[in-house]
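Q: sequence and predicted structure below; questions after.
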Amino acid sequence: MTPSIEARIRTDRPSRYLEQFCTHTAAMGDSHSRVHAHLPHQPRTVSASAEFSETRGVVTFAPSGRCTLTAEAGLLVVRIDADDADMLRVIRRLVSDDFARFGRRDGLEVVWRDCA
């Protein structure tokens, strides 16, 4: 079974944050390898690409993960699917760090839960 987690982020600007995250991730491309510094036991280099619109985004993390974002009224739904638990932790850290930085002024709260 593929490990998956989801966060439902309350915000008045879900499209803005979706687009900001996808644009940032696509621009960073291969430089997301910085994430592995936080996981000394399992260093991983991660590259990313993104496709998105105002209401939906998909960020593919190579070698083995995906982040799907959906903007709804007052809500940004972020789901991460990965091939294994280690990759899930890497992507979760990257996504959490980026949203903490982007949403600092608005007090965005990212709380992850396992998907059934």
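A: Nice, I can see it. Residues are numbered from 1 along each chain as shown.
Q: quick one: the strands in the protein?
A: 4-10, 47-52, 56-62, 65-72, 75-82, 112-114 (DSSP state E).
Q: quick check: chain neighbours aside, which residue is closest to Tyr17?
A: Spatial nearest neighbour of Tyr17, excluding adjacent residues (C-beta to C-beta, 6 or more residues apart in numbering): Leu76 at 5.5 Å. For glycine as for every other residue, the C-beta is placed from the backbone atoms N, C-alpha and C.
Q: on the pLDDT front, check that neighbour for me.
A: Note on Leu76: pLDDT of 97.
Q: for it, list the residues it contacts.
A: 8-9, 11, 14, 17-18, 69-70 (C-beta atoms under 8 Å, 6 or more residues apart in numbering).
Q: pretty sure Asp114 sits against Thr2.
A: No - at 11.8 Å, Asp114 does not count as touching Thr2 under the criterion of C-beta atoms under 8 Å.
Q: where does this structure have low pLDDT?
A: Along the chain, the parts satisfying pLDDT under 70 run over 29-45, 116.
Q: ok, longest helix in it?
A: Taking DSSP state H as the criterion, the chain has its longest helix at helix 85-102.
Q: what residue is smack in the middle of the protein?
A: Among the residues of the chain, the one closest to the centroid is Val95, at 3.4 Å (C-alpha atoms, centre = their mean).
Q: identify the residues contacting stretch 46-59?
A: Outside of stretch 46-59, the residues within contact range by C-beta under 8 Å, 6+ apart are 15, 18-19, 21-23, 25-26, 28-30, 32-33, 35-36, 60-63, 65-72, 90-91, 94.
Q: what's the neighbour count on the nearest residue to Met28 once chain neighbours are set aside?
A: Using C-beta to C-beta, 6+ apart and skipping residues adjacent in sequence, the residue nearest Met28 is Ala48, 6.6 Å away. Ala48: 23 surrounding residues under other C-beta atoms under 10 Å.
Q: what about Ala48, distance to Val111?
A: 23 Å (C-beta to C-beta, to the nearest Å).
Q: Ala27 too?
A: Taking C-beta to C-beta as the measure, Ala27 falls 27 Å from Val111.
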